[in-house]
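*Asks:* just need the structure, nothing else, for what follows:
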Amino acid sequence: MTPSGSSACFSHPLDDPSQLLSLCFSPRISDRTRALRTLAHSTVPPNVLVPVLLGLMKDPYPLVRRAALEGLCGICVSGNIVVDGIGVVEGCYWSAVGMIRDGEECVRVSAVRAVTEWGIMLIDSKDGEDKRDCTDHLFLLLCSIVRDMSVSVRLEGFYSLGKIKQVSEGILLQSLSKRILSSLKGKKPLSRCSAKSNKLRAFSAAGAFVHGLEDECSEVRRAACISLRGHISLSSRFADEAVTLLLDVQNDDSELVRLEVLEALHHVIKCDDLKMQQVLTQMNSYEQKKTCAASSVLEKLFRSLADRSPQIRVGALKILGAMKIATLQSYKLSVESLLDGLEQYPQNEAEFLLALFESVRINGGHAVSIIQDICHKVRSACDKLDFDEPQAIGLLVMALSASLYHEECLRQIPESIFSYQAVYFGRISAILGDVVNKDALLNHLCCSRGLEHASKDKFQTETEGSSLNTDVMMQGGSIGTSSLKASDGDSENWSLSMCTKCQQLSSVESWKSIKLSFKSIKISWELIKSGSVSEALNLLRSCKEEFKSLTNDSLDFASISVFGLRYICLIKSLAKLWEYCELSQKYSPGMGQVDVVLVKSLRALLELRYRFSGLSKDDELYLIELELLIHVLKLVRFQICCRTVKKLIGAVSRAVHMCDANSLVPSELIRGLAKLSQVDTGSITKLLCSPLHLMKLLESCSLKDFAHLDKIRHKKAELLIPGYDAENPFTFIPGLPVGVTLEVSLYNATSEDRLWIKLSLDEFSEFVYLDNDVQDCEEVVPTTITAVFYGTPNAGNFRLRIIVGVECLSEDLSAVKHHGGPKYPLIYLSSERVVYFMLHSRGARIDI
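*Replies:* Below you'll find the model as predicted:
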C-alpha cells in the first residue's frame, strides 16, 4: 500500500517539480521548510524558482523566511542555475538587503549570506565607476551589520567583509577609525549602485574593525582579524594602520585570536608593507631596548616567542624569519631572542633554526657585519664538545645560510666551521629539507671544507670563471644543483669522485652521530642516578631528534635509528621509575601510575629483543640485565610484590644460564642477585624487600655499549589485501567462516621466529600460524596466505582487524590462553589493517 500525505512526496523530491512547488505553499510549516531546502537543487526553471523564493521571504514564520534566504543564497553559490538579466540580480540583492533588519536572529544571519553572494554577483556585472560604487555600497552595508546585538550576525558580517575586494581606500581607512576622517566629511551618499539605493554615507564604516577587535566575544575578534587580513593587500596605508591596531590585540586572552593576529602580520610582511625604520633605532643598550620598545613590532614578537602556546611561538617565528629589519641593532636583538628561545624551547628547535636560516638569507647586509662574531661563538661552543648546546646549532645554521646566500660571508668563514656543520649534517638537513636540497647542501659542505683541492681548482678554471657559490643555484626559494659546465672528461671524473666522497663523508658523519648519541644515552643514565632527571631527559630528547633525522635521511641507518628510538623510550621509563624511588612515600605516585610505567618499559624491552636481529650474546645478556633493573626498581619502591620476585628469580636464572653457556662475564647486578637466588625462598623475599640492600645493587648498575650496531636489523612486516576496497567490502553469511587472502612481506626475519597472524573482532581474537621458511636473509620475503576467521557474528556487518606478530618464546611470562594460538605474548611487526564485511545478499560473491 502506498503511503498517503505529504511525506510520500519526499521519497524522490527532485523527480516531480510540480509537487515540490505545491509543497512550498503547504499550510504545514515543516512542509514549506523542507520544500524550500530542496528547491534550489531541483530542476525548476529560474523564471519560476526565483519568484517563489522571493515571495516566501515574506512568510510570517522565521524558519520559512530563513529557508527561502538560504535557497536564494544556494542558487548563487552552486552556479547550477544561470540567471539572465541584471534586473533579476538587483531584485534578489535588494530583497535580501530588506531582510537584514529582520527581528529574528536566524533570518538576519541568512540574509547577510544572501546579501554577500548576490552583491558579489552584482559587482561582477558592473564596470567602471558603477562597479566601484557597488563594491563600496556592499562594504558599507556589511559594516553597519557588524554592530548587531547577535554574536552570530556579527560573525557572519565579518566573514562576509573579508570576501569584498577593491574597496575604496578612504572607506577602508575609515573602518579603522571611530573618528570621521576629514577626507570623507561632506562626501555625497553612494547612489550609483541602484535606483533603490539607501544612499549609505562613508561614515557608516567608522570603526567597524575597531569594534570587531574590541568585541566581547573571542570568536568575533578572531573573525575580525581574518577579515582584516583579507584587505591588507589592497592599500599600503591601510596595512600600516592595521599593523598598529593588530599589535594592540596581540595580548588577547584567546589563543586563537593571537594566532590570527600573527597570521595577519605575516601577510603584511609578505605584501612588503611593514616598515621597520622606526623600530629600535635610538637605543644604545640592551636594557634600554627592552624597556623602550614596548610598542614596537619586534618587541611584541619577542614576547610571543616566550608564549606558553607552541602555536603562538611558531607563528612569531614565521614572521621573524620573513622580516627584513632596518637597523643592525634591531637585527642583533632579533638574533639574541631567537637563540634564547632555541635554548628555552627545545621542542620547537626545527622552527627556531628555520627562522634563523631565513633571517640571515633575507638580511644579508646585517649578516655580513656579524659573521665574524658568529664564527667566534661557534668555535668557542663546539671546541668544548658540548654537542647538545642549542645555541651552537643555531649559530652553525646561521653561518651555513650566510655561506650559501652571500659570497662576501663565504670568504670570511674558516674551514673548521664547515667541519662542525658536517657533524650536524643529518640534523640540519632534516630541518632545512623543505628549503635546501640535501645533495646540493652536502656538495657545498664538501667543497667548502677543501676536499680535493687540486681537482677543485682545475674544475673552477674549466667552469669559465664561475665562483664557488655558483655550484648551488637558488630556484624558487629552494637550492638545487646547478648545471655545471665541464669542458672535457676530466671534469666529469672529478664530479663522480666528488659525489663518491660526499657519500662517504655522509656515511662517516652518520656513524659518528650514532656513536655520539649512544654515548649521550650512557651519560644520561649517570645524570639520572645523580638526581638530575630533567637534564637527562633533555639530553635524551636531543638524541631522539638525531635518530629521527637519520631515519629520514638514509635507509642504511633506518634499523639502527629505530633501535635507538626504542632504546631511548626504555631509558626514559627507567628514569621515571628511578625518580619514583627517590620520592618520599607522602608525595610518590600510586601503584597504578607506576604500573603504567612498568608496562611501558617492559614493552619497550621486549621490542628491543624480538623486533631486531643481529644482537650478540653480550647484547642479549645486557637486555636481560635491564629487565632485572626494572624489577629491582619496582621492589625498591613497593617492597612487597610476590609476582615481581618470581619474575626476578626467573630472569636471574636465564642470565646465569646464558653466562655459563656462552662463557660471558656477569655484571655486578647479576652476580649480586644470583647470590640471593641461592638462598631459600623466604630469605630471598626478606632480602629483596630491603631497600638499602637493593639500592646498593642499583648503584653498581650502569649502561653498556652494544657490541655490533652495524649488524642490527629491524624486523617488520607489511600486509596487503589484494582485491579489497573499503568502499566495496567483502560479504559474509553469519555462522560461516570467511577467508581473507593476505600478501605478507617479511623484512629481516629469522628462521627462529614464530610468526602469527592475529584476527580480532572486538575483544574476540583468532590466530593463524605463519610458516616461516626464511634462511636468516636480509632480503624481503613475500608470502601469500589465506587467513580464515571462524567467529563471524550474527549481525549486518562487522569489522575485522588483522596484524602480524612474533611470539616472545624465551620470556618467563605467564602463558596466554588462546585456543590454537601462541602460548606467549606477541610483539607486533606490522601496522594493523582493517577489513569490513557486510551481510551477503543475493547475487553477491561470498568470501569463504
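*Asks:* you'd agree residue 719 is up against residue 829?
*Replies:* No. The pair residue 719 / residue 829 is not scored as a contact, 9.7 Å apart, by Cβ atoms under 8 Å. All C-beta atoms are positioned from the backbone trio N, CA, C, and that covers glycine.
*Asks:* for these two, indicate the residue with more neighbours.
*Replies:* Neighbours per residue (other Cβ atoms under 10 Å) separate residue 719 from residue 829, with residue 829 holding more: 26 against 18.
*Asks:* show the pLDDT at that one.
*Replies:* pLDDT for residue 829: 91.
*Asks:* what strand or helix carries residue 759?
*Replies:* Using DSSP states H and E, residue 759 sits within strand 755-761.
*Asks:* and the angle from whichever helix or strand comes after that strand to strand 755-761?
*Replies:* Sequence-wise, the next helix or strand downstream of strand 755-761 (DSSP H and E) is strand 764-770. Going by axes from the mean of the first three to the mean of the last three Cα atoms, to 10 degrees, strand 764-770 is angled at 160 degrees with respect to strand 755-761.
*Asks:* quick one: contacts of strand 764-770?
*Replies:* Outside strand 764-770, the residues that touch it by Cβ atoms under 8 Å, 6 or more residues apart in numbering are 744, 754-760, 783, 785, 787-791, 804, 818, 820-822.
*Asks:* try stretch 305-319
*Replies:* Contact with stretch 305-319 is made by 255, 258-259, 262-263, 265-266, 269, 301, 304, 320, 337-338, 341, 344-345, 347-348, 351-352, 354-355, as judged by Cβ under 8 Å, 6+ apart.
*Asks:* how about it: buried residues?
*Replies:* Neighbour counts over stretch 305-319 (16 or more other Cβ atoms under 10 Å) mark 305, 307, 312, 313, 314, 315, 316, 317, 318, 319 as buried.
*Asks:* what's the closest of those to residue 731?
*Replies:* Minimum distance to residue 731 across the buried residues of stretch 305-319 is 48.3 Å, recorded for residue 314 (Cβ to Cβ).
*Asks:* how close does that closest one sit to residue 267?
*Replies:* Separation of residue 314 from residue 267 (Cβ to Cβ, to the nearest Å) stands at 16 Å.
*Asks:* and residue 342, by the same measure?
*Replies:* For residue 342, the distance to residue 267 - Cβ to Cβ - is 25 Å.
*Asks:* of those two, who's got more company?
*Replies:* Set residue 342 next to residue 267 and count neighbours by other Cβ under 10 Å: residue 342 wins out with 26 against 19.
*Asks:* tell me the mean pLDDT over the host helix or strand of the more buried one?
*Replies:* Using DSSP H and E, residue 342 maps to helix 328-344. Mean pLDDT, helix 328-344: 84.
*Asks:* got it, and stretch 623-639?
*Replies:* The model assigns stretch 623-639 a mean pLDDT of 80.
*Asks:* mind listing what's buried along it?
*Replies:* For stretch 623-639, a neighbour-count test (16+ other Cβ under 10 Å) marks 623-638 as buried.
*Asks:* contacts for that stretch?
*Replies:* Identification of contacts with stretch 623-639 by Cβ under 8 Å, 6+ apart yields 570, 574, 577-578, 580-581, 588, 591, 594, 598, 601-602, 605, 608-609, 615, 641, 644-645, 647-648, 651-652, 654-655, 658, 667, 669-670, 673, 688-689, 691, 694-695, 697-698, 701.
*Asks:* among these, which lie within helices?
*Replies:* The helices, defined by DSSP state H, take in 570, 574, 577-578, 580-581, 591, 594, 598, 601-602, 605, 608-609, 644-645, 647-648, 651-652, 654-655, 658, 669-670, 673, 688, 691, 694-695, 697-698 from the contacts of stretch 623-639.
*Asks:* and those residues, which are buried?
*Replies:* Judged by 16+ other Cβ under 10 Å, buried ones among these: 570, 574, 577-578, 580-581, 594, 598, 601-602, 605, 608-609, 644-645, 647-648, 651-652, 654-655, 658, 669-670, 673, 688, 694, 697-698.
*Asks:* need the helices for the stretch 51-200 of the chain, in chain order.
*Replies:* Using DSSP state H, counting those that start in this stretch, the helices of the stretch 51-200 of the chain run over residues 62-78, 86-97, 105-124, 128-145, 151-161, 169-174.
*Asks:* okay then, goodbye and thanks.
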